[in-house]
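In: Generate coordinates for the sequence data below:
(chains A and B)
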Amino acid sequence: MNLSYLLDPAHWDLADGSIPRLILSHLWYVLLALLIGTAIALPVGLWIGHTGRGSFLAINAGNAGRSLPTLGLLMLMVTLLGLGLAPVLIALTVLVIPPVLTSAYAGIRTLDHRVVDAAKGVGMRPWQVLTKVELPMALPVLMSGFRSATLQVVATATVAAAVGLNGLGRLLIDGLAVNDYSRVLAGAIVVAVLAVVLDLVFALAQRWVVSPGLTERSSK
Amino acid sequence: MITFDDVVKVYPGGGTAVDHLSLELPTGRTTVLVGPSGCGKTTSLRMINRMISPTSGRVLIDGQDVAGEDEALLRRRIGYVIQHAGLFPHRTVLDNVATVPMLLGRTRRQARTDALGLLERVGLSADFAKRYPAQLSGGQQQRVGVARALAADPPIMVMDEPFSAVDPIVREGLHREFLRLQQDLGKTIAMVTHDIDEAIKLGDVVAIFRQGGVLAQVGTPRELLEQPADEFVAEFVGRDRGLRSLSFDTAAGLPVRPVSEAPDLLLDDAGRPAGWRTGGGAAGTFTSADSLRLVTDLTITSPAGMAVRVGPDGKAEGVVSHHDIADHLVRRRETK
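Out: Reported below is the predicted structural model:
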């Protein structure tokens, strides 16, 4: 086991199957799953948090989603839908939904109710209360759910290779198939680095979108 | 004028919060709703801006039933101040104050310019504009809360225990500024407190509630102190209500003895009181505009048992002892 595969410049050109190309396809799966998952989970989580209705769903969705084996779900979807991007995205989206849903719900529920009362009392309409007060105040919690979803999806998107797609899973699966452990190690390292880099990007984004009034940076 | 017309609020399974309340809050005056916890004062207050809807009965503003108005538009016309201020933590002080004008469609620039003026009005310098609520003390937050409520210049203010979350010294300062602001602005104010002293100090009209949401008595602070309607009100306004009611009378009618009857009093060359020959300390002085309560207090704390009335120029005009005050109160009772 060594770093030769990772450090070989031949694997860093832009040819098909090179590490940069695999990173791009991997990122593509990750971003699609995050977009679709957030588009589903965020409104539902906000609605449950805002109205207080269906909170059992928000709490249990987290546990149910986490206990589903992604590889098993993927195989089931392939059986039902055939090969392609759709079964992979479904399997990954199922991973994104629980943390985003739960954090959106928790972010809204744990808000200082006096501030929400004040927002209504000064004459904001329900939609304005949600978008001008609840959502910005829930952002720190929401972002942490989103970041943990990202870490999970980056690691799990390697399953795409198991059903003939690309992504960094190629290095793992092909490496295992030909007993090239240097390639497996390269895949593992690149996935880990990618996860850390994405998390850093979102951490920076968080600093930018979350009001300084909500962070310790502004405290006395 | 805000009118409660036979208002009842019953919570499902929770009993009666407000029990057939009929009450008028006069325009341009401060009406304080006061009572022990669970007396329905806050529930009543929150029905004015429809944060709570009555089970039956009506709440009217200048004859208009609030139930017929758009909730959000109604609330934008009513300044809203709550305990702990309830500021938006993610917005700067300036943007908190600019909230309602922006909801009403004013431009951000205009709203912020106006907000700066309001900060000054509540005693905060422009340095605070860019800060966030977490960087302010409780008293400063409460000032911002008041500025936010005043921002759209609403004719009515609804204040739910606005001063109860700050320490007594800060509260004292906020009270003074509240009275000064209200003197300038003349808003129709409905305020809730559990503190009878605060109610008496700030209210033009005080409505005392008892448990079960029943209005026990409504009147001026003086009426409540001097003629409590029943045991409950008498108990609630306190055992020292007699002494406190002295703060509504000035010393103008209080006869004084000539200074010569107080041989212990030292005067300086200009005829101003300088102290007492025995016992030491400065002489307690009052003018005829001061309250009888202050004069009583001065005679109690004076080593000579006397307080000195001074004129506008500071010269001693006469002296008053405990006995003089007692005699004055007896005469006052007889002529009533």
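In: How about the contacts made by residue 174?
Out: All of this is about chain A. Counting by C-beta atoms under 8 Å, 6 or more residues apart in numbering or on different chains, A:D174 touches A:A161, A:D180, A:R183. Using the backbone N, CA and C atoms, a C-beta is placed for each residue, glycine as well.
In: hmm, I had chain B in mind actually
Out: For B:L174, the contacting residues are B:G139, B:Q142, B:R143, B:P162, B:F163, B:V166, taking C-beta under 8 Å, 6+ apart as the criterion.
In: mind listing what's buried in the helix or strand where A:V190 lies?
Out: A:V190 is located in helix A:181-209, with elements delineated by DSSP states H and E. When burial is assessed from 16 or more other C-beta atoms under 10 Å in any protein chain shown, helix A:181-209 yields the following buried residues: A:182-188, A:190-191, A:194-195, A:198, A:202, A:206.
In: Likewise for stretch B:311-318?
Out: Of the residues in stretch B:311-318, B:A316, B:E317, B:G318 count as buried by neighbour count, 16+ other C-beta under 10 Å.
In: End to end on it, go ahead and measure it.
Out: The stretch stretch B:311-318 measures 9 Å between its terminal residues, going by C-alpha to C-alpha, to the nearest Å.
In: Can you tell me what sits against it?
Out: Outside of stretch B:311-318, the residues within contact range by C-beta under 8 Å, 6+ apart are B:256-259, B:265, B:267, B:270-273, B:285, B:287, B:308-310.
In: between those, which is nearest B:Q183?
Out: In terms of C-beta to C-beta, no member of the contacts of stretch B:311-318 lies closer to B:Q183 than B:T287, at 20.6 Å.
In: Contact partners for that closest one?
Out: Contacts for B:T287 (C-beta under 8 Å, 6+ apart) come out as B:A251, B:R309, B:V310, B:G311, B:P312.
In: same deal with B:I2?
Out: Contacts here follow C-beta under 8 Å, 6+ apart; on that basis B:I2 touches B:E24, B:L25, B:T31, B:I48, B:V59, B:L60, B:I61, B:I156, B:T188, B:A190.
In: ok, now which ones touch A:V153?
Out: A:V153 makes contacts with A:Y29, A:V30, A:A33, A:L34, A:G37, A:L92, A:L95, A:V96, as judged by C-beta under 8 Å, 6+ apart.
In: Same list (the residues you listed) but as TSV, adding distance to chain B.
Out: Rendered in TSV, the data for the contacts of A:V153 read as follows (distance: C-beta to the nearest C-beta, whole Å):
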residue	distance to chain B
A:Y29	34
A:V30	29
A:A33	29
A:L34	24
A:G37	25
A:L92	32
A:L95	30
A:V96	26
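In: Count the residues that sit near B:Q183.
Out: Residues within reach of B:Q183, counting by other C-beta atoms under 10 Å in any protein chain shown, total 8.
In: ok, and what's touching stretch A:26-41?
Out: Among residues not part of stretch A:26-41, those counted as contacts by C-beta under 8 Å, 6+ apart are A:85, A:88-89, A:92-98, A:100-101, A:104, A:146, A:149-150, A:153-154, A:157-158, A:160, A:165-169, A:191, A:194, A:198.
In: ChimeraX command for the buried members of these?
Out: Isolation of the buried members of the contacts of stretch A:26-41 (16+ other C-beta under 10 Å) is achieved in ChimeraX through the command below:
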select /A:88,89,92,93,94,95,96,97,98,100,101,104,146,149,150,153,154,157,158,160,165,166,167,168,169,191,194,198
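In: Take the contacts of stretch A:26-41 and keep only those in helices.
Out: Among those, the ones falling in helices (DSSP state H) are A:85, A:88-89, A:92-98, A:100-101, A:104, A:146, A:149-150, A:153-154, A:169, A:191, A:194, A:198.
In: ok now the lowest-mean-pLDDT helix or strand in chain B, how far from the chain's centre?
Out: Here the helix or strand of chain B ranked lowest by mean pLDDT, DSSP states H and E is helix B:241-245, holding a mean of 80. For helix B:241-245, the distance between its averaged C-alpha position and the chain's averaged C-alpha position is 17 Å (C-alpha atoms, centre = their mean, to the nearest Å).
In: tell me what the helix or strand following that helix is packed against?
Out: Sequence-wise, the next helix or strand downstream of helix B:241-245 (DSSP H and E) is strand B:265-267. The criterion is 3 or more C-beta pairs under 8 Å, 6 or more residues apart in numbering or on different chains; DSSP states H and E, and the helices and strands that strand B:265-267 contacts are strand B:273-276, strand B:316-321.
In: what residues does chain A put near chain B?
Out: Where chain A comes near chain B, counting by C-beta under 8 Å from any C-beta of the partner chain, the residues are A:112, A:114-115, A:117-125, A:128, A:133, A:136-137, A:210-214, A:218-220.
In: Would you mind listing the buried residues in the least confident helix or strand of chain B?
Out: Along helix B:241-245, the positions that meet the burial threshold by neighbour count (16+ other C-beta under 10 Å) are B:R241, B:R244, B:S245.
In: Could you find the closest non-adjacent residue to the first one?
Out: Going back to what we said before, that points to B:R241. Closest residue to B:R241 in three dimensions, ignoring its sequence neighbours and counting by C-beta to C-beta, 6 or more residues apart in numbering or on different chains: B:L225, at 4.5 Å.
In: just A:L172 next, same as before
Out: Nearest-residue entry for A:L172: A:G187, 4.4 Å, with adjacent residues in sequence omitted and distances by C-beta to C-beta, 6+ apart.
In: circling back: just the residues contacting the helix or strand where the residue nearest to B:R241 lies, thanks.
Out: Of the helices and strands defined by DSSP H and E, B:L225 is found in helix B:221-226. Contact partners of helix B:221-226, identified using C-beta under 8 Å, 6+ apart, comprise B:199-201, B:203, B:206, B:208, B:217, B:233, B:237, B:241-242, B:244-245, B:248.
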